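Visitor: Sequence and predicted model, in that order:
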Amino acid sequence: MSARLSRQDIARVAARDIPDGACVNLGIGLPTLIADHVPPGRELMLHSEQGLLGLGPAPAPGEEDYDVINAGKLPVTLLPGASVFSHSESFLMIRGGHIDIACLGAFQVAANGDLANWTVDAPGQIPGVGGAMDLAAGAEQVWVLMEHCTRDGAPRILEQCSYPLTAPDCVDRIYTDLAVIDVTAAGLVVRRLAEGWTLEALQALTGAPLTLAPDCSPYRADL
């Protein structure tokens, strides 16, 4: 069977790609796992929109403090030097252009980088656009972390989003369980591809044209 990356491995790869010293917002869902996989020696400023800067990994069992939570309302730790501030100040950071990378989950991404990560007709899902619209507009780069397909096997990467847009033309890179894909002016470029997969097989699960980068590399959590 061809390989797929787990959610933890997707987060692990994305964490390795974040440059040292970057200020990074971790959005609800899969992106929050990045805090558990920052490489040793890498200094990142992980930001959470409710007013935290300096997030660390999840606490050990029994050491949870539910006054210190991430965007998904799960307990996290704070690293030395961390800051706690108001929700309004957090959004001043976002809207003021102080976030280098916003890592967001998504329902759909379009070929031109349109982002849809909210809906009005899916029970139990995010009921409104929320702070993601500010992050998509204010961050220098937007990285999306998501499964390549829905549970029903429908593609999440499309020519055009069918869900309401969070923001247009904002996504720079997509991490899925099958590939790392850059959104470029020339279209969607596959930079890394999971082992056992061909471009043709990936294209069959994608609703927009893909191009294989000449230097496309294997997509594995240990590389």
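Guide: Structure's in. What do you need? What you see is a predicted model, and the numbers here were worked out from it, not measured in a lab. Numbering: from 1, shown residues only.
Visitor: Please count neighbours and contacts with C-alpha atoms only from this point.
Guide: OK.
Visitor: who's in contact with the host helix or strand of Val189?
Guide: Using DSSP states H and E, Val189 sits within strand 187-194. For strand 187-194, the external contacting residues (C-alpha atoms under 8 Å, 6 or more residues apart in numbering) are 2-5, 111-112, 177-183, 208-213, 215-220.
Visitor: now stretch 42-53
Guide: Taking C-alpha under 8 Å, 6+ apart as the rule, stretch 42-53 contacts 19-27, 35, 38, 54-56, 70-71, 82-87, 89-91, 131.
Visitor: quick one, longest helix in this protein?
Guide: Counting by DSSP state H, the longest helix found in the chain is helix 7-17.
Visitor: re earlier: among the contacts of strand 187-194, name the ones in strands.
Guide: Cross-referencing the contacts of strand 187-194 against strands under DSSP state E gives 179-183, 210-213, 215-219.
Visitor: May I ask which two of those are separated the most?
Guide: Farthest apart among the ones in strands among the contacts of strand 187-194 by C-alpha to C-alpha are Val183 and Pro218. That separation is 18.6 Å.
Visitor: Adjacent strands (with direction) for the strand holding Val189?
Guide: Here strand 187-194 has these sheet partners by DSSP bridges: strand 179-184 (antiparallel), strand 210-219 (parallel).
Visitor: Show the subsequent helix or strand relative to the helix or strand in which Trp143 is found.
Guide: Per DSSP H and E: Trp143 is located in strand 141-145. Counting by DSSP H and E, the next helix or strand C-terminal to strand 141-145 is strand 157-158.
Visitor: any idea which helix or strand comes after that next one?
Guide: Next along from strand 157-158, by DSSP H and E: strand 173-175.
Visitor: Quick one: mean pLDDT for that following strand?
Guide: The pLDDT scores in strand 173-175 average 98.
Visitor: just checking, what packs against it?
Guide: strand 141-145, strand 179-184 (3 or more C-alpha pairs under 8 Å, 6 or more residues apart in numbering; DSSP states H and E).
Visitor: wait, which of the ones you listed is closest to Glu200?
Guide: So among the helices and strands packed on strand 173-175, strand 179-184 is nearest, using C-alpha to C-alpha, at 12.7 Å.
Visitor: Excluding chain neighbours, what is closest to Pro164?
Guide: Ala116 (6.0 Å; C-alpha to C-alpha, 6 or more residues apart in numbering).
Visitor: residues touching that neighbour, list them.
Guide: Per C-alpha under 8 Å, 6+ apart, neighbours of Ala116: 106-109, 161, 163-167.
Visitor: got it, and Ser2?
Guide: 194-197.
Visitor: same question, Glu140
Guide: Contacts of Glu140 by C-alpha under 8 Å, 6+ apart are 97, 99-102.
Visitor: Try it again at 6 Å.
Guide: 100-101 (C-alpha atoms under 6 Å, 6 or more residues apart in numbering).
Visitor: Would you state the predicted confidence (pLDDT) at it?
Guide: For Glu140, the predicted pLDDT is 97.
Visitor: Ok, Ile126 next?
Guide: 57.
Visitor: What count of nearby residues applies to Ala154?
Guide: Neighbourhood size, Ala154 [other C-alpha atoms under 10 Å]: 13.
Visitor: For Thr166, report the pLDDT, please.
Guide: At Thr166, pLDDT is 94.
Visitor: quick one: it and Ala137, what's the gap?
Guide: 9 Å (C-alpha to C-alpha, to the nearest Å).
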